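Peer 1: Dropping the sequence and predicted coords here.
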Amino acid sequence: MPDLVLWDIDHTLMATRGLGGQLWAAAFEQVTGVPLRKQADVTGSTERVILRETARLHEIPYSEDLFTRFAEALGAQHVQRAAELRERGHALPGAVSILTALANRGVRQSVVTGNIRAAAEVKLAVFGLDSYLSLDEGAYGEDGDARPELLRAALARSDVAAGAAVFLGDTPADVLGGREAGIRVIGVGTGRTLTADLLAAGADAVLQDLSDTAHGLSVILG
């Protein structure tokens with residue numbers, strides 16, 4: 001049984017059904033004064049990278065101060081519109097059941113996500129997922145540019161060896177990041193990537209979704 005199970009958030013545990021992009025655009029315009037015309041590709045990326053590349057698309061100089069102010073604005077947008085997020089988004093089928101089942105077996109769980117922590121906390125709370133997760137042992141968009149950095153940060157915070165952890169995510173970036181960090185990776189086919197492509201990227205196993213709790217447990221617990 002793994003000592004730690006790490007979860008990606010968006011399209012693995014939940015869907016925001018377009019509202020996340022609206023909140024991002026509002027925060028971007030708030031801190032830059034420029035309406036968002038085009039956002040850089042967000043699939044499997046982190047907020048720092050997305051902001052840096054989106055700023056470049058708008059010919060706006062990037063700096064760490066810009067990221068700090070953007071992170072504050074994005075967190076505030078999520079807090080202010082939490083009720084709307086609850087109404088429009090949802091936890092994916094089976095997410096609560098599998099988190100509960102793992103928690104009942106005494107498995108520690110946290111998240112590794114490109115979201116900034118404030119946004120991640122709001123999302124998890126509004127969909128009733130936060131109580132199963134030790135968020136202080138996770139890693140967030142503030143912690144680095146790429147998945148391997150975030151995964152290593154989470155391992156350090158939880159004091160768990162890479163070989164004793166499992167990471168679940170829905171993108172090839174999740175799979176490749178886990179492999180680079182030396183963590184067993186389970187792909188979840190609830191995002192935009194086909195399960196066959198997650199396997200081709202190097203996932204150790206793939207779940208079509210989280211709806212079958214017994215099957216999901218057997219794959220996660222090995």
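Peer 2: Ah, there it is.

Peer 1: From here on, just use CA atoms for contacts and neighbour counts.
Peer 2: Noted.

Peer 1: residues contacting the nearest residue to G114 once chain neighbours are set aside?
Peer 2: Excluding the flanking residues, the one nearest G114 by CA to CA, 6 or more residues apart in numbering is T46, at 3.8 Å. When contacts are counted by CA atoms under 8 Å, 6 or more residues apart in numbering, T46 is found next to T113, G114, N115, G141, G144, D145, A146.

Peer 1: Kindly recompute the last result at 10 Å.
Peer 2: Neighbouring residues of T46 by CA atoms under 10 Å, 6 or more residues apart in numbering: 113-116, 140-147, 150.

Peer 1: do Q22 as well
Peer 2: Per CA under 10 Å, 6+ apart, neighbours of Q22: F28, L36, Q77.

Peer 1: tell me the phi and psi of it?
Peer 2: phi -70, psi -40 (degrees, to the nearest 10).

Peer 1: The one 10 residues further on now?
Peer 2: Main-chain torsions, T32, degrees, to the nearest 10: phi -110, psi -20.

Peer 1: Give the closest residue to R86 in space, chain neighbours not counted.
Peer 2: What sits nearest to R86 in space, not counting adjacent residues and going by CA to CA, 6+ apart, is V126, at 5.6 Å.

Peer 1: Let me know whether that neighbour touches A15 as I believe.
Peer 2: No - V126 is not in contact with A15 according to CA atoms under 10 Å; the separation is 11.8 Å.

Peer 1: Between those two, which is the more surrounded one?
Peer 2: Neighbours per residue, other CA atoms under 10 Å: of V126 and A15, the larger number sits with A15, 21 against 18.
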